[in-house]
Structure formats: C-alpha cells, structure tokens
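>>> Kindly return the folded structure for what I paste below:
(2 chains)
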Amino acid sequence: MKAIVLTGRSLAQGRAKERKFSEEYMLASTACEVDPDDLSSLGIQAGQNVRLVNGRGSVVLRAVLSSQAPHRGMVFVAYGPWANVLMDPESDGTGMPTLKGIEVEIQPAPGEEVLELKDLLRGYGLKGG
Amino acid sequence: MGEGRVIRNVVCPFCGCCCDDIELTVENNAIVNARNACALSQAKFESAREERALRPKERADGSFAETDYERAIRHSAEILAEAKYPLLWGWSCTSCESQRVGVELAEEVGGVLDNTTSMCHGPGLLAVHDVGESTCTLGEVRHRADLIIYWGCNPVHAHPRHMRRYTAQSEGRFRKGRGERKMIVVDVRNTATARMADEFVRIEPNGDYEALAAIRTCLKGEGLEQEVIAGLPSTRFEKLADELIDCEFGVLFFGLGLTMSKGKSRNIDAALSLVRDLNSRTKFLAMPMRGHFNVTGANEVFAWQTGYPFAIDFSQGYPRYNPGDTTGVDIASRGDCDAALVVASDPISNFPLEAAKGLASVPIITIDPHETPTTNASEVALPSAMVGIEAGGTAYRMDGVPLTLSKVLEPPEGVMQDTEILSAILREVRNVRGGR
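Numbers count the residues shown, from 1 in each chain, chains lettered A, B, ... in the order given. Modelled structure (predicted):
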C-alpha cells in the first residue's frame, strides 16, 4: 500500500529523547500510527509489524492504531533514527531536509523484527551503535 | 534520606516555552519532584542522572576508551586545528554563554557554525529576511489575544503548557480565559490539539501554501477560481478569512508542519505575508513554536556576534551565510566537512540517514551530558553538566525574552560545564596553532 510518512514530536518520544538507548525511547520512536481502515487493508492488527520502504531505505516498525484518524494513506512516526532511514536530506536550498510528506510503500511484516537502536545503526555501518 | 529542599521559579530546560514557574524538590543531590512541570519537563528533571556519560572517551588504537579531560581536550584541539572545513553543530540545548565561546572557536578554526535551527525553523528565518515579522511577547498574547491559531503544530505533545500559560487557556488581564478566546487549528491530522480547538481546519498534506494563499486572496476581496483548495471547498477559506478579520488581537503560531513540508521557507513566507495583510484590517501577530529551550538564544547570540542567526561559514576568514549550502545537513550529505564538533545535540539520530553517514565518516568531537549514538560514533566524547539543571546560564524563550537558568544539582563528580570545556578547547587550539 502506498502512503506518506509524517514525522514529528510525540509526548512519549519527547519524554525519552535524552535516554536514547532506553526501551521507552525505542517504543516511542518505532510506533507507526496507522489509520484503522488502512490497517484493515493491510490485513494486520495493531501491534503487528510493518515494513516501510522507499528509494532511500527500508525499516520495520510496530503498527499502532492512530488516535488521530481519519487520515487514510498517511502514517505518523515520531522523530528518530528509525524514521530517518526513509527521510530525504535534500533541503531545496533552505538547509531543512524533508521530514514530512515522504512517500513510502507499506508492507505487512508480522514475522519481521523491529531492530534495536544499536543494531539499526550497525546495520548501516554507523559507529554509533 | 535527607529532607527535601524546595527550589522555586526554576526555568525549564526542555522546549521553547521555558516555563519559569517550576518548583523542584531536591534530596541528596537528586530531583525527587517537579511541581508545575509538564510531562516532558518532569521526565527531563527526574531522569537527569540516567544514561549519563561520566568520563571523557577517545578513540585510539581501534578502541574507544576512557581518558581524562586534559587529554580529551588536547585531542579535540588537534582535530579542529588540523581540519580544513570543520562543522560546529548543535548549540540549542546549551547556554548563551557557551554559544558565545562557540562563535569564537568557529572563527578561530575557520569552520561552519550551525545550530539546530536549520532543522527546525530555519526556513522561517529565511522568510523573515524576505517578509519581516509582526510579533510580540507571549505576555502580550496572554493578556490581549482573542484569536489563537495553531498551524502545523501540536502543542499538546510538543509544548504541553503553551495553551495554559500563554494562549487559549491562560488567564490574562484583558482576556480572562478560554471563554473569551477562539482557538483554530489548521493541520493534516485530527491531533490532540485539534480536538481542543473551537474549529479544526483539516487540509491535505503539503497543501499549506495553497491554503495560506487562498486566505490572502479572500482578504483582498478577490474571488477564488478553484472549487477545491488544499482538499477543502474554497468557501471554507472565505469563512476563515472573515473570522480572522473579525478578531481584535489575533496570533498565528506556526510549527514544523509548515517548515518541513513541501514549500518550506515559502510556506512561512505566505504565513508572514498573511499576517502582514491582516494588519491592514485588524491587529495580528505571528510566532514560531520553537522546539529546543535555547534555540532562540543560539539565533540571538550568533546574530549579534556575526550578523547571521545560523549556517555561518568562517572558512574565508569572515562570516558568510548561505543556507542550503552552509547548513549542517547539506554539508554532511555532501561530505564536505573533514571534522565536526557537536555540542548538546545528537545528529547521528536526528539527521536523515544519508547525512548521518556523511557525518560519521569524519572525526567527531561531542560535548554532551548523555551517552548517545553521536557520542558513540565520536573520536572524542566529553561529558558535560546538564545546562539548566547542573549548570546555570542564560536562555531565550521562543518570544525572544531572556531568562536565567538555574543550577539546582551538583554535576557528577569531575564533570565539567560546556562553557569550561569549550573555553579550554579554544585555548588549546590557539596553543596548537601557535606552536606551528
């Protein structure tokens, strides 16, 4: 299913953002808020995993039922290294990368694992893991 | 367990609201209660001692091992003195006093000095250069505003006390509370903030510029040719324009929904132009919802020292400003910098992956209170005291009002303050360069 991704601050992500290796931060930053009708279209239930893919990368996240629906064709993921796998560094001459409105393909991934932060970074060859 | 010491009127070092009414209870050099704090503030104060880095580390012979400050500062100075085009990034979660030293250091090493503005309201500042800005303090909003618009922002999650302290729910001298103010939210989702509004205007993603332009067209008395604009019937914008004109004192608060979406600086250009147009019919003001507690301070300090609020390139020996070219993400993505100094920020987590990879490919020096992916990717990591909790200083609230940050706890034993570390690196850079 095609969708666009919005990133942003969530209360849970903000509370944990200075404890990057905590479970709280991982839970907050890997939740993908999906419209209930889109969840049905994907054939999965809240709590199961989805894979978001675009030309820049691919990441597995945990689908959660959005409390801000209806917003079919749009998902929300809190700011963080998981969502940043998909984001466009192109700043269009402003300095600001494009962190909202990014096009992705969403696929059900109930058998796949959401990577922990250290594993995610190591997987991309970054020393920060 | 000792008896708690209560410290009043502490400024919160989380978001740009800089709430200055926090009451902290301190026992045995730990914060055990944070009264008046929002959920974000409470977490910051009460978990101040978690995931802390306590000793400097440096990478040598393939390992990342503990060292002392003297060696770490010397190593940092050598990297910066050697670099041809270092990026000095972060600065929004530290004090103005540290930012001031940062400017001096950037000039000394001929680097690029950029703060996290370029990843939040940088496009807004570009629009301010073009259009100007009708604005005010949050105190004026509290006392006088009868119409509050939140456009592309969700303060319930990002600035939880904004509404209660300064806008729709606040009690001012001339506007007594929620019943005397109208609140309109424009967003692409029915957010928690939208659900508290009198009116929610749901536009389609990336439709902001179109929507703002439609309202401006209506204000000028010109008809809208399209039937549907930004996903809404054009009549909705005619009604909205009438509501804006009808207020006595309106304020447009805008968030990253405008700066991060398609159009970026042009969206803010349209928003500030709308506010300018409205001032020919009524009183109207605009203000960005700044995220980090002292990102406004970074803009202020950098601008009064160099003439520019962010993205300042000293490589030619004088300050140059060219956002899109001299901004952190662009430099990291292109692989232009050959070293980086990161102060109170975590770009390996916050940059798009491609830019994070570019940054991680050069030697990084990080000054930060916590262990983060960026400290772990660094050549040198220097732990620092938490500004606003373990170190005092000055911060600017989102409306440009300077406030004094408190030191309420002693930092972990031996941990230095940002200002001390930066000053020591600056001295050592001068020694290294002078010795050549």
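
>>> Report how many residues lie close to residue B:259.
Residues lying near residue B:259 (other CB atoms under 10 Å in any protein chain shown) number 29. Bear in mind the C-beta positions are built from the backbone N, C-alpha and C, glycine included.

>>> How about residue B:375?
Number of residues near residue B:375 (other CB under 10 Å) recorded here: 25.

>>> what does the helix or strand hosting it rub up against?
Residue B:375 belongs to helix B:373-376 when elements are defined using DSSP states H and E. Applying CB atoms under 8 Å, 6 or more residues apart in numbering or on different chains, the contact partners of helix B:373-376 are A:20, A:81, A:117, A:121, A:126-129, B:53, B:57, B:64, B:342, B:345-349, B:364, B:366, B:368, B:381.

>>> let's go with 6 Å and repeat that
By CB atoms under 6 Å, 6 or more residues apart in numbering or on different chains, the surrounding residues in contact with helix B:373-376 are A:121, A:128, B:342, B:346-349, B:366, B:368, B:381.

>>> ok, for the residue lying farthest from the centre of chain A, nearest residue in space, not its chain neighbours?
Residue farthest from the centre of chain A, counting by CA atoms, centre = their mean, is residue A:93 at 25.6 Å. Once flanking residues are discounted, residue A:93 sits nearest to residue B:324: 3.5 Å by CB to CB, 6 or more residues apart in numbering or on different chains.

>>> Can you give me every residue that contacts that neighbour?
A:91, A:93-95 are the contacts of residue B:324 under CB under 6 Å, 6+ apart.

>>> now do residue A:76
By CB under 6 Å, 6+ apart, the residues touching residue A:76 are A:6, A:33.

>>> again, only using 8 Å
So residue A:76 contacts A:5-8, A:32-33, A:66, A:68, B:189 (CB under 8 Å, 6+ apart).

>>> what mean pLDDT does stretch B:224-232 have?
If you average the pLDDT over stretch B:224-232, you get 96.

>>> measure that stretch end to end?
Criterion CA to CA, to the nearest Å; first-to-last residue distance in stretch B:224-232 is 12 Å.

>>> ok, and does that stretch reach over to chain A?
No - Stretch B:224-232 stays clear of chain A (CB under 8 Å from any CB of the partner chain), getting no nearer than 11.4 Å.

>>> Mind checking what helix or strand follows the host helix or strand of residue B:287 in sequence?
Assigned by DSSP H and E, residue B:287 belongs to strand B:283-288. Sequence order places helix B:295-306 as the next helix or strand after strand B:283-288, per DSSP H and E.

>>> what comes up buried for that next one?
By 16 or more other CB atoms under 10 Å in any protein chain shown, the buried positions in helix B:295-306 come out as B:295-302, B:305-306.

>>> returning to that earlier point: check which helices and strands the next helix or strand after the helix holding residue B:375 sits against.
Once the chain leaves helix B:373-376, the next helix or strand it forms, by DSSP H and E, is strand B:380-383. The contact analysis (3 or more CB pairs under 8 Å, 6 or more residues apart in numbering or on different chains; DSSP states H and E) places strand B:380-383 against strand B:57-60, helix B:69-82, strand B:364-368.

>>> Mind putting the ones you listed into a markdown table with mean pLDDT, distance to residue B:100 and mean neighbour count?
Converted to a markdown table, the helices and strands packed on strand B:380-383 look like this (pLDDT from 0 to 100; distance: least, CB to CB, whole Å; neighbours: other CB atoms under 10 Å in any protein chain shown):
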| stretch | mean pLDDT | distance to residue B:100 | mean neighbour count |
| --- | --- | --- | --- |
| strand B:57-60 | 94 | 26 | 18 |
| helix B:69-82 | 98 | 17 | 20 |
| strand B:364-368 | 98 | 15 | 28 |
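
>>> can you tell me which of these comes nearest to residue B:25?
Relative to residue B:25, the nearest member of the helices and strands packed on strand B:380-383 by CB to CB is strand B:364-368, separated by 26.5 Å.

>>> List the contacts of that closest one.
So strand B:364-368 is contacted by B:53, B:76, B:79-80, B:339-346, B:372, B:374-375, B:377-384, B:418, B:421-422, B:425 (CB under 8 Å, 6+ apart).

>>> Who is residue B:60 paired with across the strands?
Counting by DSSP bridges, residue B:60 is bridged to residue B:63.

>>> quick one, helices of chain A?
Taking DSSP state H as the test, the helices found in chain A are A:11-16, A:23-29, A:36-42, A:81-84, A:117-123.

>>> where does the stretch 51-200 of chain B come near chain A, residue by residue?
B:51, B:114, B:118-119, B:122-123, B:126, B:154, B:156-158, B:160, B:188-192, B:194.

>>> Restricted to buried residues, select the residues you listed in PyMOL.
Restricted to buried positions by 16+ other CB under 10 Å, the PyMOL selection for these reads:
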select buried, chain B and resi 51+114+118+119+122+123+126+154+156+157+158+160+188+189+190+191+192+194
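
>>> what mean pLDDT does stretch B:312-330 have?
The average pLDDT within stretch B:312-330 is 98.

>>> how's chain B carved up into domains?
The record's domain parsing of chain B by automatic domain parsing lists B:5-46, B:57-119+B:293-434, B:122-288.

>>> just those: most buried one?
domain B:57-119+B:293-434 (a mean of 22; mean count of other CB atoms under 10 Å in any protein chain shown).

>>> where are the low-confidence patches of the chain?
You didn't pick a chain, so chain A it is. A:128-129 (pLDDT under 70).

>>> think we crossed wires, I meant chain B
B:1-2, B:435-436.

>>> any idea which helix is longest in it?
Assigned via DSSP H, chain B shows its longest helix as helix B:418-434.

>>> Show the secondary-structure elements that it is packed against.
Taking 3+ CB pairs under 8 Å, 6+ apart as the contact cut, helix B:418-434 packs with helix B:69-82, helix B:96-109, strand B:340-343, strand B:364-368.

>>> how far does it sit from the chain's center?
Offset of helix B:418-434 from its chain centre (CA atoms, centre = their mean, to the nearest Å): 26 Å.

>>> try stretch B:384-391
That offset, for stretch B:384-391, works out to 17 Å (CA atoms, centre = their mean).

>>> Write out the residues of the stretch 201-350 of chain B neighbouring chain A.
Applying CB under 8 Å from any CB, one finds that the stretch 201-350 of chain B approaches chain A through B:205-206, B:256-257, B:259-262, B:264-265, B:291, B:310-311, B:323-324, B:327-330, B:332-333, B:346, B:348-350.

>>> where's residue B:218, which helix or strand?
Short version, using DSSP H and E: residue B:218 is in helix B:208-219.

>>> So what touches that helix?
B:151-152, B:186, B:201, B:203, B:223-224, B:229-230, B:232, B:234, B:237-238, B:240-242, B:244-245, B:257-258, B:261-263, B:266-267, B:270-271, B:273-274, B:277-278, B:281.
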